[in-house]
Each structure stands twice: as structure tokens, then as C-alpha cells.
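Peer 1: Coordinates only, no sequence provided:
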């Protein structure tokens, strides 16, 4: 497939970003089933939560030319989402890309593949998620291949340019802004109620009584009689 350069996505709404920075990401998992990246892609370095706009990059034939081009246009808050086409041996991001993306204010990097230079990238504080680490790297081959601002596949999730990327120590979630606009207020309200629920359990209440699970079980058993 020849090189494809799409249209840069619009910025995320600041009001949505501010809400997502406050929500507990696993709370979103209480309500949705799609958009959760395979658990094999885990945070290799960095400690901050990731909230940002997806800048999608697709690499082919171990050529990182399009990634080097895209890094120069990174804007604050962007999350570079890199599809390696199934390659889990060649690392596209190490010290140089890490330094550039960190300097330009990237929120994080998600690689469906591996990273390198962990000792040099880790001190930057830039969160990088991948399937692992490697000494073998991609090369600048200057091929007519790859893509920028195109749909990519990351850990079983189709990612479109401008999607919202969320990442914490638990993993990565990616969805269209409209999906998160529709769920974030509910998730925030859920988070606000959780401390009271935990305190009631600590005080001796049964979790099933508080959530309605026990009533549901009793109703099922009663219907069998």
C-alpha cells in the first residue's frame, strides 16, 4: 500500500478533556464493551494518566519515515497511536522520538508493537504503552508506504484520527468523542457515589443488599419454586 496522508483531526473540546481528566477510567468499563485495547498492550514508562486526541500513524516494512515526519507536527495533548501492522520485533519509538514528542507536549504514545530505549525514555515522564521492548528498531527507508491521519488497528480496536485516547495503569481505552460525551457525566456521578458505598460496606452492610444483586438473586430463586 502506498503512502497515505489524511487530514489532521480537529482538537478535542476542552470541556470534554477537563471532565475526562477527573473521571476514573475503569468506571467507563461499567457501561461500555467496545474500545478497550487488548490488555497485552501495557504502560512501559510514565506515570501520568493519558487524555488526548489520537494522531494515527501506520508503519509498514519497518520504515519509520512517516513517523519522523508526523512527530514534527505534534501538538500539546496529542497521543501518537502507532499501528505496526503486526510487527512486534521492530521498535518505532525510543530516545529521539520520545524526546521530540515530550518536548512538543504529547500526552502519550500507544504502540501496537514494541518500544526501545526504556532507560532514556523513562526519565522524560512520557507515558508509552506497547506490547513490550526490543533492541531491534525501525529504519529510515524513505519508502512510498505507511499512513498518517488514517484509520488504524490497535490491540483489536479500530482507531480513527481524532478519537479520544484514555490510558492509565490499568490499560488503554479509545473511542470517538461523541461516545465519551454521552457517558462521562454518568461516570463522574458514579465516581462521586462510590466513597459512600465503600463506607457502608466497611460499616458492615452487605454489598449485594446495597447494589440490588441480592434482591435479584432472591427473585430468580423464587421464580423457580
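Peer 2: It's in. Note that the coordinates shown come from a computational prediction; the quantities given were computed from them, not determined experimentally.
Peer 1: What mean pLDDT does stretch 17-36 get?
Peer 2: Stretch 17-36 carries an average pLDDT of 97.
Peer 1: err, stretch 88-96, not the other one
Peer 2: 97.
Peer 1: quick one: contacts of that stretch?
Peer 2: Identification of contacts with stretch 88-96 by CB atoms under 8 Å, 6 or more residues apart in numbering yields 59, 62, 64, 67, 80, 82, 84, 101, 109, 111, 113-117, 120-121, 128, 130-138. Quick note: C-beta positions are derived from backbone N, CA and C, even for glycine.
Peer 1: Could you list which of those residues belong to strands?
Peer 2: Among the contacts of stretch 88-96, the residues falling in strands (DSSP state E) are 80, 82, 109, 111, 128, 130.
Peer 1: Serialize these to CSV and add fields for pLDDT and distance to residue 196.
Peer 2: What follows is the ones in strands among the contacts of stretch 88-96, written out as CSV (pLDDT from 0 to 100; distance: CB to CB, whole Å):
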residue, pLDDT, distance to residue 196
80, 98, 39
82, 98, 42
109, 98, 37
111, 98, 40
128, 98, 37
130, 98, 38
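Peer 1: What separation do you get for residue 123 and residue 45?
Peer 2: Distance of residue 123 to residue 45, given as CB to CB, to the nearest Å: 9 Å.
Peer 1: For the residue most central in space within the chain, pull up the helix or strand it's in.
Peer 2: The residue lying closest to the centre of the chain (CA atoms, centre = their mean) is residue 172, at 3.5 Å. Assigned by DSSP states H and E, residue 172 belongs to strand 171-175.
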